[in-house]
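Undergrad: model this:
(chains A, B, C and D)
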2 protein chains.
Amino acid sequence: MIDATAPGRVGDVRRRNLSRVLDSIAKTGDAKPSRAQLAAGTGLTKAAVSSLVADLVESGLVAEVGLYRDGERGRPGQGLELSSRRGVIGMEINVDYLAVGVVDLGGNLRFHASVESPNRGLEPATVMERLGALAAEAKAAAAAEGIAILGGGLAVPGLVDEQRSVVLSAPNLHWENEPLNPRALLEGAPLGVRLSNEANSAALGELWYGGGPADFLYVSGEVGVGGGVIIASELYTGPGGSAGELGHIVVNPDGPSCSCGGAGCLETFAGQEAIFEAAGIPPGALEERAELLLAALRQRDPQARKAVDDAGRYLGVALASSARLMDIEAVVLGGHFAVLGEWLRPALLASLERHAPGLLDPENLTLSGLEHSGTLLGAAGQVIRSVIESPFEFLLAAKLA
Amino acid sequence: MIDATAPGRVGDVRRRNLSRVLDSIAKTGDAKPSRAQLAAGTGLTKAAVSSLVADLVESGLVAEVGLYRDGERGRPGQGLELSSRRGVIGMEINVDYLAVGVVDLGGNLRFHASVESPNRGLEPATVMERLGALAAEAKAAAAAEGIAILGGGLAVPGLVDEQRSVVLSAPNLHWENEPLNPRALLEGAPLGVRLSNEANSAALGELWYGGGPADFLYVSGEVGVGGGVIIASELYTGPGGSAGELGHIVVNPDGPSCSCGGAGCLETFAGQEAIFEAAGIPPGALEERAELLLAALRQRDPQARKAVDDAGRYLGVALASSARLMDIEAVVLGGHFAVLGEWLRPALLASLERHAPGLLDPENLTLSGLEHSGTLLGAAGQVIRSVIESPFEFLLAAKLA
DNA sequence: CCATATAGTTCAGATTGAAAACTAATTGGA
DNA sequence: TCCAATTAGTTTTCAATCTGAACTATATGG
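TA: Numbering: from 1, shown residues only, chains lettered A, B, ... in the order given. Okay, here's the model as predicted:
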């Protein structure tokens, strides 16, 4: 396939090289590369890099951070980094809480806040209003730290149409085809607010800020079972944008019917609700039930043990099928599954070994370390990445303003 | 993601535009576009297109095919097409036959030959020798038609390492880690011979020459059950290159063990052998058994009917899971499944509706019309595509020679 | 036979990175 | 202390390539 963004005119070369340099700075991260190092890394000449960096510094995306010597001879280089005075606000609506965070271009979470909020069944307008209040806090915090906010990312637990900012289906919130107006959360931010799926954002957070490998499947165990597929360091969304719905892979054709209308889905065996029920945890608040389950497991309660083993076994079936179909070589467990990680692991690995022996190295089955901030980081990171990938457009806009 | 293969020199613009123009000619196909139409289609100026086309014509990749008037006023354009005097040889090793074909750059199958050959268990060297004889026929036929052979594609029913030309695993041939030397089949062809997987090649054949949509899952029912995933008009191979192994998706966690070492795989329910056995077809040659099965189905034999229904049902489970994970919206059934198509369809659709209601429109479940030539076309097409995507390298080589 | 329309070419102009020469800033040793 | 060596970054010249506008070529229709 011919890359539509590839240079067609001479001017496009610069577009691409601006992005390449910016990406190289982002990848080098804390090492704060000099122009000379960037030249070596990108294959461009020092002259070209100097010219490109000049534009990036002028736009405010990149900052010089003083000299930098490594003990050797020669003139020291000027360290460069993605500006810590520009940032993006990450936001998250989940079933039982709202959260916001300020992430600077370098990927540092500079501010973080969350509130409990039983959003299930609430009107989207009500939830958006509450989230707006939280976003205002984040904006104030950013202003106090001298961070100019370029845009925002909003993650929700459901399928979304990113272009039109519509939540197509979020069964756990009881939302269906709800158009949101995320832009209103950050009035005046030049890049607007991007709506995204919670599991996908968490997968991207893991990739960019959690040390995830270039190829992995992220399994999100929030109230539902979601997934995010990362291939070659990019989110794989599929032709219609809804890939990664791991929760509705069929793991047992004779299984019970599922909220999605199907039958035998993974979620009916390994969703939070299914596990709690099988473990005999009484209804109640999510946090409390999770605590009860962990307590039961610690006390070697056989019913809890079996519930988690079953979930692990079926998760193994889903991962075996996924690995076969998509050639997945690594898996990161997040959310609920990260909390249950060590209890899930034995049954999961046994099941994988039974259904796809040798396909997935147990070492490559890891638990997410980012906990809940992964989703925020990923939601904000998508906007940051869009700047890194198309800085030219951003420069133009900056020049006009 | 930033394309690492495209350092940003000014000269790369031309590289890209050569490819873009060539691709545009290939896509327009039989319409034989003029330079002016290409300019309109690519967004380049007429001047640029003229210059690019001049290089392509000089290299022999593109040919002018006389004037062309559409009744309107004005000077008529020069029709352009991919040269019919340049071609690629497609080759196929399957369990019970060998096949070759000459495909010109325009995708026309100009010569075709196949021989029965019980390759299961034969030494690769023996098989390659037989294939070499067939390839020689193809070369002679190409020479007779004045087609210069640029390279070849060889498809085998197993996992391959394309870079090193090694068949990693072809259980149905009983080959394991067999290095081949496909280059030797076409001594002197400038682009060499590319080894590929049979199901993937068939999927690409369907995409390029069978009118397949931009996004679909090709299901190959040869002796094993294979698959090829096409996303955005490209083959999705996954990080390790072995994506699409539909045959080893788990469709029933309590199912029997499989030749792959796993258990409950689709292949154990819907592989040819499994269907024949369940239908009570006695052992024998593949072709004969297939005929017997079809005859039994036509006579409404209940055992045959049930065997095919079961296969369809489990195929539906696998497709439901695949659609969920990869957001697949269309499926093309090939090989054995295309032959059984109408008998499979009812149970398959019912199963899809049960496990993933509404996810896949029945209209988007189609049967391949290319039959066995799809694999040849796809195998050859991969080499043709590589020229379309990197004509600059080809031009350089042509200029040196 | 000429106005009109479309195809394709020619040429000046602008953008851009490569290459090489240059300036700047540092270290280590004479 | 000072200079050679070394590395960073800038300036200058040059070649590649596309755009845009003017131009030539070739058809149709009245």
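Undergrad: right, is stretch A:361-368 up against chain B?
TA: No: contact of stretch A:361-368 with chain B (C-beta under 8 Å from any C-beta of the partner chain) is absent, the minimum separation being 11.5 Å. C-betas here are computed from N, CA, C, even on glycine.
Undergrad: residues from chain A in reach of DNA strand C?
TA: Residues of chain A found near DNA strand C (C-beta under 7 Å from any atom of the strand) are A:10-11, A:13-14, A:17, A:43-48, A:51-52, A:67, A:69, A:71-76.
Undergrad: 10 Å - rerun?
TA: Counting by C-beta under 10 Å from any atom of the strand, the positions of chain A adjacent to DNA strand C are A:7, A:9-18, A:20-21, A:39, A:42-52, A:55, A:66-78, A:392.
Undergrad: name the helices or strands packed onto the helix or strand hosting A:A39?
TA: Taking DSSP states H and E as the criterion, A:A39 maps to helix A:35-42. Here helix A:35-42 touches helix A:10-28, helix A:46-59, strand A:77-82, going by 3 or more C-beta pairs under 8 Å, 6 or more residues apart in numbering or on different chains; DSSP states H and E.
Undergrad: Tell me the buried residues in the second one?
TA: Going back to what we said before, that points to helix A:46-59. A:A48, A:V49, A:S51, A:L52, A:V53, A:D55, A:L56, A:S59 (16 or more other C-beta atoms under 10 Å in any protein chain shown).
Undergrad: chain center to that helix: distance?
TA: Between the centre of helix A:46-59 and the centre of its host chain there is 30 Å, according to C-alpha atoms, centre = their mean, to the nearest Å.
Undergrad: residues contacting the residue in the stretch 201-350 of chain A positioned nearest to DNA strand D?
TA: In the stretch 201-350 of chain A, the residue that lies nearest DNA strand D is A:W208 (25.7 Å; C-beta to the nearest atom of the strand). Residues in contact with A:W208 (C-beta atoms under 8 Å, 6 or more residues apart in numbering or on different chains) are A:G107, A:L377, A:G378, A:G381, A:R385.
Undergrad: Heading C-terminal from the helix or strand encompassing the third one, find the next helix or strand.
TA: Assigned by DSSP H and E, A:G378 belongs to helix A:373-389. Tracing the chain past helix A:373-389, the next element assigned as helix or strand by DSSP H and E is helix A:391-400.
Undergrad: Other residues contacting that next one?
TA: A:14-15, A:18-19, A:22, A:55-56, A:59-61, A:190-191, A:387.
Undergrad: From those, keep the buried residues only.
TA: Buried among the contacts of helix A:391-400 (16+ other C-beta under 10 Å): A:R14, A:R15, A:L18, A:S19, A:L22, A:D55, A:L56, A:S59, A:G60, A:L61, A:L191, A:V387.
Undergrad: Could you report the distance from A:L294 to B:P346?
TA: 48 Å (C-beta to C-beta, to the nearest Å).
Undergrad: I meant A:P33, not that one.
TA: Distance check for A:P33 against B:P346: by C-beta to C-beta, it reads 62 Å.
Undergrad: Which of these two has more residues huddled nearby?
TA: A:P33 (23 against 13; other C-beta atoms under 10 Å in any protein chain shown).
Undergrad: that's a helix at the more buried one, yeah?
TA: No: A:P33 is assigned coil when assessed by DSSP: H, G, I helix; E, B strand; the rest coil, not a helix.
Undergrad: Appreciated, that's everything.
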